[in-house]
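**Q** below are the sequence and a predicted model; questions follow.
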Amino acid sequence: MQARKTERLLNLVIALLATRRGLNIGQIRDKVQGYEDQTDEAFERMFERDKAELRDLGVPLETVLLDAWSDEQAYKIARGDYELPDVVLAADEAAAVGLAVRFWRSDEMSAAVASALRKLRAAGVEVDEPLPTGLEPVVDASDPGLLTLWDAVRDKTAVRFPYRAASGSATTERHLEPWGVASWHGRWYVGGHDRDRGEPRVFRLDRISGPIRADKGGFEAAVPASVDVAGMVAAAEPDPSGHARVRVRAGAGHDLRRSSAVVSTDEGWDELDYEYGDIERAAQWVAGLGADAVVLDPPELRAAVIRRLRGVLDGVA
Amino acid sequence: MSASNRLARLLAMLPWLTAHPGVTWADAAQEFGISESQLVDDLQLLFVCGLPGYLPGDLIDISYEGGTIHVVEDAGLSRPLRLNPDEATALVVALRTLADLPGLRDSAALHGALAKLERATGDAAAANVTVDVDAERGVMETIQAALTARKRLHLRYYVPARDETTERDVDPMRLLIVDGRAYLEGWCRSVEAVRLFRLDRVEDVAVLDAASDPPPEAQPRDLEGGLYQPAPDDPVAELVLGPSARWIADYYPTESTQDTEEGLVVRLRVSDDGWLRRLVLRSGGAARVTAPADLVAKVRSDALTALAGYPT
């Protein structure tokens, strides 16, 4: 059955590419091999499904008027829209394209790159041996929502999805008009107009906890002329605004020292002026250093660290 | 395989065979990732398709003599279909990201290729997909220079598991960028083994006069399984993860995970218990160690000595 369907679809593509004026539905039924021996109803269902499958593959199937003095519809595929345009790559350019082969760590995306390169090779563009750069970037794109969101951004489709705002918090249904998708510091985000809050927001893909579905209606808010999702993510990060005094053993606390200035030093200990954004995150860093770091001030950060350390003791008791 | 997947393959196969006259069965099968017997099936299907009329001159015709394949009639399928949006985006976003990296930013070849492909794909490639790479550009440029000149590097490098800074000479092998972070893979001459160095932990780097000379046993590691690859004989620790610590199970390779009433029970291999003790201290009780007993005791003593810094 599958082979006969593939055969019919291939014959349909060939016939619609070959026609200049277009073929109406009767001509398709009579001329294209594979539609014979069907009842009217079965033929129509079959043809509807075939059209949808071709469009899904990216075949530019057009509906035109059969001629200027009738309103009869016909179908055709314009060769110029169907065919991959000429791409002439120099040898070093072709090798550069080969670098994309190992870029994505995701079966779907790697398959998309592989079939893209196969089409290029089918057009006579040889892309095989990657440039020797000594540089190997790999990006994880295995998040199940990624392709759905790419499509939604491109087609300007509003989406809804269950979302967990932070680890451990409750899941709520969110409604978004997606403007763009970005990988920032190794994580994927989608940014756009948040219909629930009525303002631009970013969402982490790994916190979308269920299927992404189309939401009702077209875009309500205007899409900004230039969308910078990575910039939206960076802006959503808490600004370092808190200052703490932390005593840290000399040579320890490297990560803490990156956001600190040494205020004084004595007997194997440094006193740091530590700049932090989120108090709980700051408490995590200090608690992780164990006995090598002690918060002197402010009291709320001291308390947050003590709470964490006691939490550990309760856990192992 | 669905009918439309197979159709996509056939639509590419005919122009590919035309562009590669005289190709062997084995090479054609390999190009399309199929077996030779599947290739026979595909060609047999192509043979019965063609232009309406379906007379000999209308049908697709392919000859294979002496083990090589030639297209005789292509029924108008002389060029491949345009890239669909997923193909275009996956390819173009990968190349745009590469073109923004130090060392490749000035590559005329990459920029030239990207411009031509963007023109050929039109608006099929989504403009609004970006991949930001936290590339520690200065360090990266120095390492690239050493890789190109095949020179040894001296690193001042922070080791978080021991929370200390180390000095070492490294023969660079390659630069990796995995999930937005840059790493140097090289032969570390002090431990005489291949090591991965995170560029954001490199405090200082200098190119030495000595030539880079990794020994034959210095093999790049296969990154299929992710970056954190514990040795099979590392001891196993057991953790119970509360809701806010469940990310640990996604982030590190685990031996087993099991949802229980107390939380997610995970078992993972740990080569150096330093990072695990820090992880547990940071979690503030959300991640608890339950085995082995000596690790449980160490975590308890870590927390007690740390609390001694806050006398009441």
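**A** Right, received. Where do you want to start?
**Q** for chain A, longest strand please?
**A** The residue-count maximum for a strand in chain A (DSSP state E) belongs to strand A:171-184.
**Q** name the residues of the strand or helix carrying A:Arg49 that are buried.
**A** Assigned by DSSP states H and E, A:Arg49 falls within helix A:40-57. Across helix A:40-57, burial judged by 16 or more other CB atoms under 10 Å in any protein chain shown covers A:43, A:46-47, A:50, A:53-54, A:57. No exception for glycine: its C-beta is placed from N, CA and C like everyone else's.
**Q** next: stretch A:83-102.
**A** Quick answer for stretch A:83-102 (16+ other CB under 10 Å): A:83-84, A:87, A:89, A:93-101.
**Q** the residue lying farthest from the centre of chain A and A:Val64, how far apart?
**A** Most distant from the centre of chain A: A:Glu267, at 51.5 Å, with distances by CA atoms, centre = their mean. Distance, A:Glu267 to A:Val64, using CB to CB, to the nearest Å: 87 Å.
**Q** now B:Asp259
**A** Using CB to CB, we find B:Asp259 at a distance of 57 Å from A:Val64.
**Q** between the two, which one's more packed in?
**A** Neighbour count, other CB atoms under 10 Å in any protein chain shown: between B:Asp259 and A:Val64, A:Val64 has more, with 15 against 10.
**Q** next, the residue lying closest to the more buried one once chain neighbours are set aside: phi, psi?
**A** In this structure, A:Val64 finds its nearest non-sequential neighbour in A:Gly22, 4.7 Å apart by CB to CB, 6 or more residues apart in numbering or on different chains. Dihedral angles of A:Gly22 (phi, psi; degrees, to the nearest 10) stand at phi 100, psi 160.
**Q** isn't A:Gly22 right up against A:Glu72?
**A** No - using CB atoms under 8 Å, A:Gly22 makes no contact with A:Glu72, being 9.5 Å away.
**Q** list residues touching both of those two?
**A** Listed as contacting both A:Gly22 and A:Glu72 by CB atoms under 8 Å, 6 or more residues apart in numbering or on different chains are A:Leu66.
**Q** look at these two and report which has more neighbours.
**A** More crowded of A:Gly22 and A:Glu72, by other CB under 10 Å: A:Gly22, with 20 against 13.
**Q** for the more buried one, give its distance to B:Asp74.
**A** Using CB to CB, A:Gly22 is found at 22 Å from B:Asp74.
**Q** can you give me the helices in the chain?
**A** I'll assume chain A. Using DSSP state H, the helices of chain A run over A:2-18, A:25-31, A:40-57, A:79-82, A:91-98, A:107-122, A:146-155, A:229-236, A:254-257, A:279-288, A:299-316.
**Q** actually chain B
**A** Assigned by DSSP H, the helices in chain B fall at B:3-19, B:25-31, B:36-47, B:85-99, B:108-121, B:137-149, B:247-251, B:273-283, B:293-307.
**Q** can I get those in a markdown table with mean pLDDT, mean neighbour count and distance to A:Ala182?
**A** Converted to a markdown table, these look like this (pLDDT from 0 to 100; neighbours: other CB atoms under 10 Å in any protein chain shown; distance: least, CB to CB, whole Å):
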| stretch | mean pLDDT | mean neighbour count | distance to A:Ala182 |
| --- | --- | --- | --- |
| helix B:3-19 | 92 | 21 | 29 |
| helix B:25-31 | 93 | 16 | 34 |
| helix B:36-47 | 93 | 16 | 39 |
| helix B:85-99 | 86 | 24 | 10 |
| helix B:108-121 | 86 | 19 | 18 |
| helix B:137-149 | 83 | 18 | 19 |
| helix B:247-251 | 74 | 14 | 20 |
| helix B:273-283 | 88 | 21 | 27 |
| helix B:293-307 | 93 | 18 | 38 |
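**Q** tabulate the ones you listed (TSV), appending distance to B:Arg162.
**A** TSV is the format used below for these (distance: least, CB to CB, whole Å):
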stretch	distance to B:Arg162
helix B:3-19	51
helix B:25-31	48
helix B:36-47	54
helix B:85-99	34
helix B:108-121	39
helix B:137-149	21
helix B:247-251	21
helix B:273-283	6
helix B:293-307	14
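**Q** out of the ones you listed, the one nearest A:Arg302 is which?
**A** Closest to A:Arg302 of the helices of chain B is helix B:293-307 (CB to CB; 11.4 Å).
**Q** what residues does stretch A:299-308 touch?
**A** With contact meaning CB under 8 Å, 6+ apart, stretch A:299-308 is reached by A:242, A:244, A:276, A:279-280, A:282-284, A:286-287, A:295-296, B:281-285, B:307, B:310.
**Q** flag every buried residue along it.
**A** Neighbour counts over stretch A:299-308 (16+ other CB under 10 Å) mark A:301-302, A:304-306, A:308 as buried.
**Q** nearest to B:Met13 among these?
**A** For the buried residues of stretch A:299-308, the minimum distance to B:Met13 (CB to CB) is 60.7 Å, reached by A:Arg308.
**Q** list the contacts of the nearest residue to that closest one once chain neighbours are set aside.
**A** Closest residue in space to A:Arg308, ignoring its immediate chain neighbours: B:Gly284 at 3.2 Å, by CB to CB, 6+ apart. Taking CB under 8 Å, 6+ apart, we find B:Gly284 in contact with A:283-284, A:287, A:307-309, A:311-312.
**Q** list the contacts for the residue nearest to A:Leu296 when sequence neighbours are not counted?
**A** Of all residues not flanking A:Leu296 in the chain, A:Arg245 sits nearest, at 4.2 Å (CB to CB, 6+ apart). Residues in contact with A:Arg245 (CB under 8 Å, 6+ apart) are A:263, A:271-274, A:295-297.
**Q** equivalent analysis for A:Pro60, please.
**A** Counting by CB under 8 Å, 6+ apart, A:Pro60 touches A:77-78, A:81-82, B:82.
**Q** what's the distance between the nearest residue to B:Trp16 once chain neighbours are set aside and A:Glu83?
**A** Nearest residue to B:Trp16, sequence neighbours excluded (CB to CB, 6+ apart): A:Ala122, at 3.8 Å. Distance check for A:Ala122 against A:Glu83: by CB to CB, it reads 11 Å.
**Q** overlap in contacts, the two.
**A** B:79-80.
**Q** what does the stretch 151-300 of chain A put close to chain B?
**A** Proximity of the stretch 151-300 of chain A to chain B is confined to A:151, A:153-154, A:166-168, A:179-187, A:206, A:227, A:229-230, A:247, A:251-255, A:283-285, A:287-292, A:294 under the rule CB under 8 Å from any CB of the partner chain.
**Q** if we check chain B, which of the buried residues of stretch A:83-102 are in contact?
**A** Residues shared between the buried residues of stretch A:83-102 and the neighbourhood of chain B are A:83-84, A:87, A:89, A:93-97, A:99-100 [CB under 8 Å from any CB].
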